[in-house]
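Asks: Sharing a model that was predicted from the sequence below.
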Amino acid sequence: MTKMKAKMKKSEAAGICSGINSRVPRELMLETAHMLENASSWVIFSHVNPDGDSLGSTGALFGAGLARGKRVRWLSVDPIPTKYLFLPHVEECETQKKYTFDSKDDLYVFLDSANEERGVEGLKERSPGTVVLNIDHHEDNTGFGTLNCVDGEASSTSEVLWHIMTEAGWAITPAIAECLYTGVAADTGWFSFGNTTSGAHMMAADLLSKGADPVKIDSCLRHNRSVEGARLWALAFLRIFRWGEASQFAMTWLSRRDFDVTGSVSSDTETLVNQMLMIRGVSLAVLLTEDSGEERMNASFRSKAGSVAAASVARALGGGGHPKAAGACLASPLGEAIRIVQETVDKIYAEWALADR
């Protein structure tokens, strides 16, 4: 099969499905659906440190596969965070760090993964003839699949999957609707981030009509924090510091000892970095988290409109992501990582400010 990639110019949008408002050509959505239909066995992968969109889209596709009589496996590098255990089919998810891609009978499906590094180890060493389907919404997706259905302007991978299922005429059950709604709600910050489009709202309306329960989903995800997680956030908030000519940048950090002392887990940091953007005058926020067992720091970046893009900083550090939500990994201890990030932010900001003038 010829490699295809749905990174389109706006002028190519003429091929979209009428009324659905997707940037993916109708032909590519149907080819993606046909690839899924023609495979009797699916192996579906969530990315590392899975979030709402990763788990929502994966859970939805898992349910769709069962409904279509497929043999389906769901693999995740990391365990599913407790707050997402309400989602359908999560009990079927297997935690696995490495996988051997050597079967021509299986269709390997990656959702919400911009590159091979975001998934299980072993993908780069896959055997010739294996088929990989890549469904995603990251604009910097590397197109690592045999077929790549990528819409860099979509609010979420769950939205991309909803377009595919709608175009192909697949039934969206209440369980699938719950998964997809979770994905789009989580990735748009409950429809408050800049990636909240009319298409995302139209999708949400459709899912509500098909049985998604927003009160249940909101209760499980936003009103379900553990005491241990709250204590971890308290430590992070105490360490916030600002810099920049207008103190427009904010950073904080967490060590492995912080997790041990509070009894919290890595998934407790989800959405923490976003909270710093609520500070008056802050336009770029950074959270550094010490990686388990290694002398390296994971950096999460968030930015507001009218400021230097989070993705620009992340890419300068070897990472990537969305314009306003991105990440990178630094092979440095905490003190050095703080210095590197500050210097990089200052440099990228100076370049951005000069270009903006």
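Replies: Structure received.
Asks: quick one: secondary structure of residue 32?
Replies: helix (DSSP: H, G, I helix; E, B strand; the rest coil).
Asks: Use 42 as the first number from now on
Replies: Sure, I'll start counting at 42 from here, so that last one is residue 73.
Asks: Just give the closest residue to it, not the sequence neighbours.
Replies: Leaving aside its sequence neighbours, residue 73 sits nearest to residue 190 (Cβ to Cβ, 6 or more residues apart in numbering; 4.4 Å). No exception for glycine: its C-beta is placed from N, CA and C like everyone else's.
Asks: What of residue 258?
Replies: residue 223 (5.4 Å).
Asks: buried ones in the helix or strand harbouring the one you found?
Replies: Counting by DSSP states H and E, the element that carries residue 223 is helix 215-228. Residues 216-228 are the ones in helix 215-228 that count as buried (16 or more other Cβ atoms under 10 Å).
Asks: Residue 68: which of these is nearest?
Replies: Nearest to residue 68 among the buried residues of helix 215-228, counting by Cβ to Cβ, is residue 221 at 22.6 Å.
Asks: Residue 211 is in contact with that closest one, correct?
Replies: No: with contact defined as Cβ atoms under 8 Å, residue 221 does not reach residue 211; the gap is 11.6 Å.
Asks: Tell me which stretches of the stretch 192-341 of the chain form strands.
Replies: Along the stretch 192-341 of the chain, counting by DSSP state E, counting those that start in this stretch, strands occupy 282-284, 290-295, 325-331, 338-344.
Asks: show me the contacts for the residue lying closest to residue 166 once chain neighbours are set aside.
Replies: What sits nearest to residue 166 in space, not counting adjacent residues and going by Cβ to Cβ, 6+ apart, is residue 142, at 7.4 Å. Neighbour list for residue 142: 149, 163-164, 166-168, 171, 173 [criterion: Cβ atoms under 8 Å, 6 or more residues apart in numbering].
Asks: which of those residues has the most neighbours?
Replies: residue 149 (26 neighbours; other Cβ atoms under 10 Å).
Asks: before we move on, what SS does that residue have?
Replies: Judged by three-state DSSP, the three-state class of residue 149 is strand.
Asks: Tell me where the model's unsure across the stretch 192-341 of the chain.
Replies: Residues of the stretch 192-341 of the chain meeting the criterion pLDDT under 70: 334-335.
Asks: where do the helices sit along it?
Replies: Secondary structure of the stretch 192-341 of the chain (DSSP state H, counting those that start in this stretch): helices at 198-209, 215-228, 239-250, 255-263, 268-279, 297-303, 313-316.
Asks: want to try CSV for those, with distance to residue 126 as columns?
Replies: What follows is those, written out as CSV (distance: least, Cβ to Cβ, whole Å):
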stretch, distance to residue 126
helix 198-209, 18
helix 215-228, 12
helix 239-250, 20
helix 255-263, 8
helix 268-279, 15
helix 297-303, 20
helix 313-316, 20
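Asks: Minimum distance to residue 352: which of those has it?
Replies: Of all the helices of the stretch 192-341 of the chain, it is helix 313-316 that lies closest to residue 352, at 14.0 Å by Cβ to Cβ.
Asks: for the closest one, packing partners?
Replies: Helices and strands touching helix 313-316, by 3 or more Cβ pairs under 8 Å, 6 or more residues apart in numbering; DSSP states H and E, are helix 268-279, strand 325-331, strand 338-344.
Asks: now for the host helix or strand of the residue nearest to residue 73, which elements pack on it?
Replies: Element membership of residue 190 [criterion: DSSP H and E] is strand 188-191. For strand 188-191, the packing partners by 3+ Cβ pairs under 8 Å, 6+ apart come out as strand 45-46, helix 67-79, strand 172-177, helix 198-209.
Asks: now it: mean pLDDT?
Replies: Strand 188-191 comes out with an average pLDDT of 97.
Asks: ok, that strand: who's next to it in the sheet?
Replies: If you go by DSSP bridges, strand 188-191 pairs up with strand 45-46 (parallel), strand 172-177 (parallel).
Asks: So residue 112 is in contact with residue 85, correct?
Replies: No: with contacts counted by Cβ under 8 Å, residue 112 stays clear of residue 85, the gap being 11.3 Å.
Asks: between the helices and strands packed on strand 188-191, which gets nearest to residue 391?
Replies: So among those, strand 172-177 is nearest, using Cβ to Cβ, at 31.9 Å.
Asks: Give me every residue in contact with the closest one, excluding its own residues.
Replies: With Cβ under 8 Å, 6+ apart, strand 172-177 has contacts from 42, 73, 76-77, 80, 98, 142, 145, 148-155, 164, 167, 182, 184-191, 198, 201-202, 205.
Asks: From those, list just the buried residues.
Replies: In these, burial by neighbour count holds for 73, 76-77, 80, 98, 142, 148-155, 164, 167, 182, 184-191, 198, 201-202, 205, counting by 16+ other Cβ under 10 Å.
Asks: Please name every helix or strand in contact with the lengthiest helix in the chain.
Replies: What stands out as the longest helix in the chain, according to DSSP state H, is helix 375-397. Helix 375-397 sits against strand 290-295, strand 325-331, strand 338-344, helix 351-357, strand 366-371, with contacts defined as 3+ Cβ pairs under 8 Å, 6+ apart.
Asks: please redo it, this time with the cut-off set to 10 Å
Replies: strand 282-284, strand 290-295, strand 325-331, strand 338-344, helix 351-357, strand 366-371 (3 or more Cβ pairs under 10 Å, 6 or more residues apart in numbering; DSSP states H and E).
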